[in-house]
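[1] Provide a 3D model corresponding to the input given below.
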Amino acid sequence: MAVDDSEMETVRRDPMAEELAPTDPESKTFAPSARSVRTFMIGLATTSGPRLLAFNVANLLIGRLPDNHMALNHGSVSRRHARISVTRMGVVLEDLGSQNGSTINGKPVKGESPIRPGDVLRIGYVPVYYFGFIQVEDPPAVEMVDGSINLEPSAPPI
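    Model (predicted):
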């Protein structure tokens, strides 16, 4: 089994960041201190090949502008398109009023919608795969399969 973690990048919060209060009193979204933020992984196909990205932020901004945490240079993506947030209720995706919308497993996102490992998110027309929380000290590795493999996937029920 060969391990190649060259395709995984980690985006970290500023370690000096202070604990923040909720941005909206009615929202369940919060920005905990850097010590308590858990790292989650997403994947997407790019023009240069597949990418696995690990983010260590409480609120991940996604959009076309380069100052987003994840800037997607695609015409279907709005400048400030969506946000993935770690909340008291779990991890949620929120569309920020984009023109082409966001979906979770093909269902349009309304407000803060929960996401789970295995979910396929669409930001505009761009598919993004949510893998859930990971341990930074022991990140997932690529497994080379020469024959066949039997797996039990974590996927939404059908």
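[2] So in the chain, where's the weakest helix or strand by average pLDDT?
    When the helices and strands of the chain are scored by mean pLDDT, DSSP states H and E, strand 8-12 comes last with a mean of 53.
[3] Identify the residues contacting the very next helix or strand once past it?
    Counting by DSSP states H and E, the next helix or strand C-terminal to strand 8-12 is strand 40-46. Residues outside strand 40-46 that contact it (CB atoms under 8 Å, 6 or more residues apart in numbering): 8, 50-55, 70, 84, 86, 91, 121, 126-134, 139-140. (Each C-beta comes from the backbone N, C-alpha and C, glycine too.)
[4] What distance do you get for the one residue sitting closest to the centre of the chain to Asp67?
    Here the mean C-alpha position of the chain is nearest to the C-alpha of Ile42 (CA atoms, centre = their mean), at a distance of 4.6 Å. Going from Ile42 to Asp67 by CB to CB, to the nearest Å gives 19 Å.
[5] before we move on, what about Ala58?
    17 Å.
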